[in-house]
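Chemist: Next one to model:
(one chain, ligands or ions: 2)
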Amino acid sequence: MQYIPSIGLEVHVQLDTRTKMFCACMTDLDSEPNTNICPVCLGYPGALPVMNEEAVRLTVMTGLMLGCEINPRSKFDRKNYFYPDMPKNYQISQYDSPLCIGGGLDIEAGGVSKYVRLVRIHLEEDVAKSSHTGGISRIDFNRAGHPLMEIVTEPDISSPDEAMVFLSRLRQILLYGGISKCNLEDANMRCDVNCSVRPEGREELGVKTELKNMNTFKGVFHALEHEIERQKALLASGGAVAQETRRWNAELCVTEVMRSKEEAHDYRYLPDPDLVPVCLAAEQVEGWRECLPELPEKRIKRMTNQYGIPEYDAKVLADDKAIADFFEVAAGVSGNPKAVSNWMMTEMLRCLADSDSGIDSIMFAPEDLARLVELVDKGVLNSNSAKEVFAVMFEKGVKPDAAVENMGLKQVSDVGELEKMVDEALNKHADSVDDYRKGKKAALQFLVGQVMRMSKGKANPKMVQEMLKGKLDPT
Ligand code: ZN
Ligand code: MN
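Modeler: Ligands and ions are numbered 1, 2, ... in the order given. Take a look at the predicted model:
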């Protein structure tokens, strides 16, 4: 019997606003615990929430980027529960009239393309952050009230791979839109995962379980792998899946029960009487639509045309908006965009990965990379020396011209100087000269190598090769 998984995601995204959802407290994550707080986000009785317009705009922008219908009139509701990290004992969220409805995202996984539909996107507030270590529980209210956007999908995803692709594409779009920092380590983006399996040929979805609060894509992937297998085995052995909330235990690599359906919360939603409905005029939404950023697909096409680079390069570069921005500045001043792209796709991305750092902490400017390319193109540097220059640019932020000067790497292109070295190589290695003349063409590369060594890598390899050829092939 074959089983088909149906997976739905509820992705919570912390919006990149300066202040909180319903008060003027800062959202700064680096502050000392419990310093960005006020009566509103501490849930004092009688404190009144005031809506953050920027959070509404960012949510609508997300909806527009994901093809949602924008609800002209939405409202906020109170979602009641008892939690230690929410002192008012309700979360302000949106129940039956969210800001964005429908929409979806194209994904491609394992050679299959599909459209994952969205149910809705709504806006709510984050809760405080509690931690439990060494028998002590601590709570930090800095996070309480941070604007939180929730993106809910239909159960259109059918494998852990597709879930990963969906999440990465979503993250990429949110970063392009400047919606959120989407930093997984800071839990800017976390998700609940619904999962069920059904026998092939049956239309009706199976009983689903929910995995709560996954904050790494890898965690989602592994948890889903295990949960799908667990459900399949249950059904195959004649058992039934219980509707319950489970958690992923990364150490034991199992999903385990958190609470069953019987313990499910009744949230007793009711409209928040302290907040007015959000009414969005069509002109307002259209104004925002006009300000939508260029999304990855469009950018890949444009970069391919504008800079004459292969589509493959454009895809690699545009994968990360900050990388693509860096490339465009460098390519714009360089006049040799393909060379800029090569440097970025090889040396730069490798160095960034090796040093485990992002492009935002890079020590040199796009203009410096363009200059390095120019130095190579003008024959001042050969490719080996250029790599040495790149290394000091990357490690110390040294300007390329200064590096060439300091390191004495200027390429030797002086004919007289080169000729001396070429003659010396020919005299020293008469056997290789014989080999070459007997038809062993590889001997030429050996001789080029000898000259490069004599020059400590600074000789212009093209000129050396031509000179050697000229002397070896008497015309
Ligand atoms: Zn506050
Ligand atoms: Mn939520």
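Chemist: how about the residues of this protein near ligand 1?
Modeler: Taking C-beta under 5 Å from the ion as the contact definition, the chain meets ligand 1 at 23, 25, 38, 40-41. All C-beta spots, glycine's among them, are computed from the backbone N, C-alpha and C.
Chemist: Relative to the whole chain's centre, how far out is stretch 8-24?
Modeler: 18 Å (C-alpha atoms, centre = their mean, to the nearest Å).
Chemist: ok, now stretch 93-111?
Modeler: For stretch 93-111 - counting by C-alpha atoms, centre = their mean - the centre lies 19 Å from the chain centre.
Chemist: Can we start the residue count at 7 from this point?
Modeler: Sure, I'll start numbering at 7, so the last one becomes stretch 99-117.
Chemist: Let me see the mean pLDDT of it.
Modeler: Per-region confidence: stretch 99-117 scores 96 on mean pLDDT.
Chemist: Restricted to buried residues, select the residues of the chain next to ligand 1 in PyMOL.
Modeler: To isolate the buried ones among the residues of the chain next to ligand 1 in PyMOL, judged by 16 or more other C-beta atoms under 10 Å, type:
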select buried, resi 29+31+46+47
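Chemist: and the two most separated of the residues of the chain next to ligand 1?
Modeler: Taking every pair in the residues of the chain next to ligand 1 and measuring C-beta to C-beta, the maximum separation is 7.8 Å, between C31 and V46.
Chemist: Give me the common contacts of the two.
Modeler: Any residue near both C31 and V46 by C-beta atoms under 8 Å, 6 or more residues apart in numbering counts here, and that gives G151.
Chemist: Give me the buried positions along the strand ranked longest in the chain.
Modeler: Scanning the chain for the longest strand, with DSSP state E as the assignment, gives strand 118-131. Burial within strand 118-131, assessed by neighbour count using 16+ other C-beta under 10 Å, is assigned to 120, 122, 124-131.
Chemist: Same check on stretch 91-111?
Modeler: Going through stretch 91-111 with 16+ other C-beta under 10 Å, the ones that come out buried are 92, 94, 96-101, 103-107, 109-111.
Chemist: related to what we said a few turns ago, what packs against the helix or strand that the longest strand of the chain is followed by?
Modeler: On the C-terminal side of strand 118-131, the closest following helix or strand by DSSP states H and E is strand 135-139. Based on contacts counted as 3 or more C-beta pairs under 8 Å, 6 or more residues apart in numbering; DSSP states H and E, the elements that strand 135-139 packs against are strand 142-146.
Chemist: which residues sit against stretch 296-315?
Modeler: For stretch 296-315, the external contacting residues (C-beta under 8 Å, 6+ apart) are 67, 70-71, 178-179, 182-184, 316-317, 320-321, 323-325, 330, 333-334, 337, 343-344, 347.
Chemist: can you do 10 Å?
Modeler: Around stretch 296-315, the neighbours that count as contacts under C-beta atoms under 10 Å, 6 or more residues apart in numbering are 63, 67, 70-71, 112, 175, 178-179, 181-185, 316-327, 330, 333-334, 337-338, 340, 342-348, 351.
Chemist: What's the nearest residue in the stretch 157-306 of the chain when you look at ligand 1?
Modeler: Of the residues in the stretch 157-306 of the chain, the one nearest ligand 1 is D280, at a distance of 14.4 Å by C-beta to the ion.
Chemist: Distance of that residue relative to Q249?
Modeler: Taking C-beta to C-beta, to the nearest Å as the measure, D280 falls 34 Å from Q249.
Chemist: does the residue of the stretch 157-306 of the chain closest to ligand 1 count as helix, strand or coil?
Modeler: Following DSSP: H, G, I helix; E, B strand; the rest coil, we place D280 in the coil state.
Chemist: tally of neighbours for C297?
Modeler: Residues within reach of C297, counting by other C-beta atoms under 10 Å, total 9.
Chemist: I'd guessed P78 sits against V291; true?
Modeler: Yes. A contact is recorded between P78 and V291 when judged using C-beta atoms under 10 Å, the distance being 8.2 Å.
Chemist: where are the low-confidence patches of the stretch 7-156 of the chain?
Modeler: Across the stretch 7-156 of the chain, nothing is flagged by pLDDT under 70.
Chemist: bridging residues for L276?
Modeler: Listed by DSSP bridges, the beta-bridge partners for L276 are R84.
Chemist: rewinding a little: are any of the contacts of stretch 296-315 buried, and which?
Modeler: Buried members of those, scored by 16+ other C-beta under 10 Å, are 63, 67, 70-71, 175, 178-179, 181-183, 185, 319-320, 322-324, 326-327, 330, 333-334, 337, 340, 342-343, 345-347, 351.
Chemist: Is the most centrally placed residue in the chain in a helix, a strand, or coil?
Modeler: A centroid search over the chain (C-alpha atoms, centre = their mean) returns Q178, at 5.2 Å, as the residue closest to the centre. The three-state label given to Q178 by three-state DSSP is helix.
Chemist: on that earlier part again, could I get the residues of the chain next to ligand 1 as TSV with secondary structure?
Modeler: Conversion of those to TSV gives the following (three-state DSSP):
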residue	secondary structure
C29	coil
C31	coil
C44	coil
V46	coil
C47	coil
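Chemist: Next, format the residues of the chain next to ligand 1 as JSON lines and append distance to L217.
Modeler: As requested, the residues of the chain next to ligand 1 are arranged in JSON lines below (distance: C-beta to C-beta, whole Å):
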{"residue": "C29", "distance to L217": "32"}
{"residue": "C31", "distance to L217": "31"}
{"residue": "C44", "distance to L217": "34"}
{"residue": "V46", "distance to L217": "32"}
{"residue": "C47", "distance to L217": "28"}
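Chemist: just the residues of the chain next to ligand 1 now: which is nearest L424?
Modeler: Distances from the residues of the chain next to ligand 1 to L424 were compared by C-beta to C-beta; the smallest belongs to C31, at 68.1 Å.
Chemist: tell me the average confidence for the longest helix along the chain?
Modeler: Of all segments of type helix in the chain, defined using DSSP state H, the longest is helix 223-242. For helix 223-242, mean pLDDT is 94.
Chemist: Distance from that helix to the middle of the chain?
Modeler: For helix 223-242, the distance from its own C-alpha centre to the chain's C-alpha centre is 25 Å (C-alpha atoms, centre = their mean).
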